[in-house]
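J.: Here you go, sequence then predicted model.
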Amino acid sequence: METQILIIGGGTAGIMAASQLLARGSSIKVSILEPKDTHYYQPAWTLVGAGTYEYAKTAKPMAELMPKGVNWIKDYATSFDPDNNQVHTEKSGAITYEYLVVAPGLVMEPSMIEGLTEAMEKGVVCSNYTDPEHTWELLKKFKGGNAIFTQPTTPIKCGGAPQKIAYLAADYIRKNGLKDSSNVVFATPGSVIFGVAEIKKTLMEVIDNYGMDFKPFFSPVKIDADKKVVHFNYVAPEGDMPAFEEGNALNAKVIGDKLVEIPFDFLHLAPPQAAPKFIRESPLANDGGWLDVDHHSLQHNKYANVFGLGDVAALPTAKTGAAIRKQVPVVLDNIKKLMASKEADNKDYNGYSSCPLVTGYGKMVLAEFDYDNNFTPDPKLKQMLVFDSSKEHWRLWMLKKYMLPHLYWNQMMKGKNV
């Protein structure tokens, strides 16, 4: 099988790239390699987990989203032969391409934390990343105790998602009269709540207002589903671990120099995540297993006719749909230049990403930033009468819950500029 442009992945990046290519009305032959029948709008899963959005509304049949004129190859990629411009598949044999866009997203790897797979299978632990409806069911059953929210040391999609559900849960707990009998903990391997100074300031105020317990340098390493205990390694580069006095509110115990054991009544965790196995084991991956591309052009660092988009790309910025929106035009421009026998010299991607940080029911801040963690708010927000998106605002909540899903399905997925 042969195609001019092969796109691996029918997620946000793949569909958006194909739609923009075909919207130009050209005679380019575009194929998408995607085995799944359903496409999910995953940014809304945070709201599903808090009982304020219907899960069914986050799904659409893949067939409805495939742009007119695309060749949909409903199959799995298994390996690459970039020296011969080929991708091998599970059932369709080898596909030969002129240009390759790699955008399969990432995969959950819960086995990287001891006991997590079993805890998720037993329903003891919840995660908006895998089953947001289960998160909501457990939250409704919570009647007090330790409510712990945490994330792994690996890169994850939508890096703010683990703390968004923590804020919504803290709001839910307060509204239901459970605050005095609850300890809401947000534990992260990172050193700060958010890397953008303006956003960090607001989020620390949010944490203080809810009376949450923020624990930086706490990396989850083991879940005991039967005892309902989570173990953390204290990963600060220097300094002693915080002390836990006997009879402390969390009933936390220090085990050795760097290990802390904390019992939980509710535990939400973002599973460890990685590039798909066929990427990790390919000649296209870097030492960390992610797609090895230039940070500004998204062109592969070894194979000039290969480009990466979205979560699979080895880029030092947050893995979000908003980042993809800025990446796609750069990649398509570079492919167009290569097709015209020119250099792929568009290096305009500056690491832009955006994280809508829901801080409670009816309020949100919007973090927009680049590779250097500069706060870069969209000037169009002023048209919504939002003049400082680093502060909580109800209009930003409306943007998250209503406007962004509409723009996603009706603009981004149809190749229109947003």
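T.: Looks like it came in fine.
J.: ok, Leu22 - contacts?
T.: If you count contacts by CB atoms under 8 Å, 6 or more residues apart in numbering, Leu22 has them with Ile28, Val30, Pro67, Lys68, Gly69, Val70, Gly415. Just so you know, the C-beta spots here come from the backbone N, C-alpha and C atoms, and that holds for glycine as well.
J.: so is it in a helix, a strand, or just coil?
T.: Using DSSP: H, G, I helix; E, B strand; the rest coil, the structure places Leu22 in helix.
J.: Would you mind measuring the gap between the ends of stretch 186-197?
T.: End-to-end distance for stretch 186-197: 19 Å, by CA to CA, to the nearest Å.
J.: actually stretch 45-65, not the one I typed
T.: Distance across stretch 45-65, first residue to last, is 19 Å (CA to CA).
J.: can you check stretch 79-90 too?
T.: 9 Å.
J.: Could you measure from Glu2 over to Ala103?
T.: To Ala103, Glu2 is 20 Å away according to CB to CB, to the nearest Å.
J.: Just the pLDDT for the residue most central in space within the chain.
T.: Centroid check for the chain by CA atoms, centre = their mean gives Lys157 as the closest residue, at 1.7 Å. Looking at Lys157, its pLDDT is 96.
J.: just checking, what packs against the lengthiest helix in the chain?
T.: Assignment by DSSP state H gives helix 321-339 as the longest helix of the chain. In terms of contact count using 3 or more CB pairs under 8 Å, 6 or more residues apart in numbering; DSSP states H and E, helix 321-339 is assigned the packing partners helix 12-23, strand 94-102, strand 306-308, strand 353-360.
J.: Check which residues of it are buried.
T.: Using 16 or more other CB atoms under 10 Å as the test for burial, helix 321-339 gives 321-332, 334-336, 338.
J.: same check, this time on stretch 404-414
T.: Residues of stretch 404-414 classed as buried by neighbour count (16+ other CB under 10 Å): Leu404, Pro405, Tyr408, Trp409, Met412, Met413.
J.: for stretch 52-62, same thing?
T.: Applying 16+ other CB under 10 Å to stretch 52-62 flags Thr52, Tyr53, Tyr55, Thr58, Met62 as buried.
J.: quick one: the closest residue to the first one other than its chain neighbours and Ile173, what's the gap?
T.: When the adjacent residues along the chain are set aside, Thr52 lies closest to Tyr361, with 6.6 Å between them (CB to CB, 6 or more residues apart in numbering). Between Tyr361 and Ile173 the computed distance is 12 Å (CB to CB).
J.: Neighbour count: those two, which is higher?
T.: Between Tyr361 and Ile173, Ile173 has the larger neighbour count (other CB atoms under 10 Å), namely 24 against 15.
J.: and after the helix or strand where the more buried one lies, which helix or strand comes next?
T.: When secondary structure is defined using DSSP states H and E, the element that contains Ile173 is helix 161-175. Heading C-terminal from helix 161-175, the first helix or strand you meet, by DSSP H and E, is strand 182-188.
J.: which helices and strands does the very next helix or strand once past that following strand pack with?
T.: Next helix or strand after strand 182-188 toward the C-terminus (DSSP H and E): helix 197-210. Applying 3+ CB pairs under 8 Å, 6+ apart, we find helix 197-210 packed against helix 161-175, strand 353-360, strand 363-369.
J.: residues of the first one that come out buried?
T.: Pointing back at helix 161-175 there. For helix 161-175, a neighbour-count test (16+ other CB under 10 Å) marks 161-174 as buried.
J.: Ok, the shortest one next?
T.: Applying a neighbour-count criterion of 16+ other CB under 10 Å, the buried positions in strand 363-369 are Lys363, Met364, Val365, Leu366, Ala367, Glu368, Phe369.
J.: quick one on the thing from earlier: which of Glu2 and Ala103 has more neighbours?
T.: A count of neighbours by other CB under 10 Å puts Ala103 above the other of Glu2 and Ala103, at 30 against 13.
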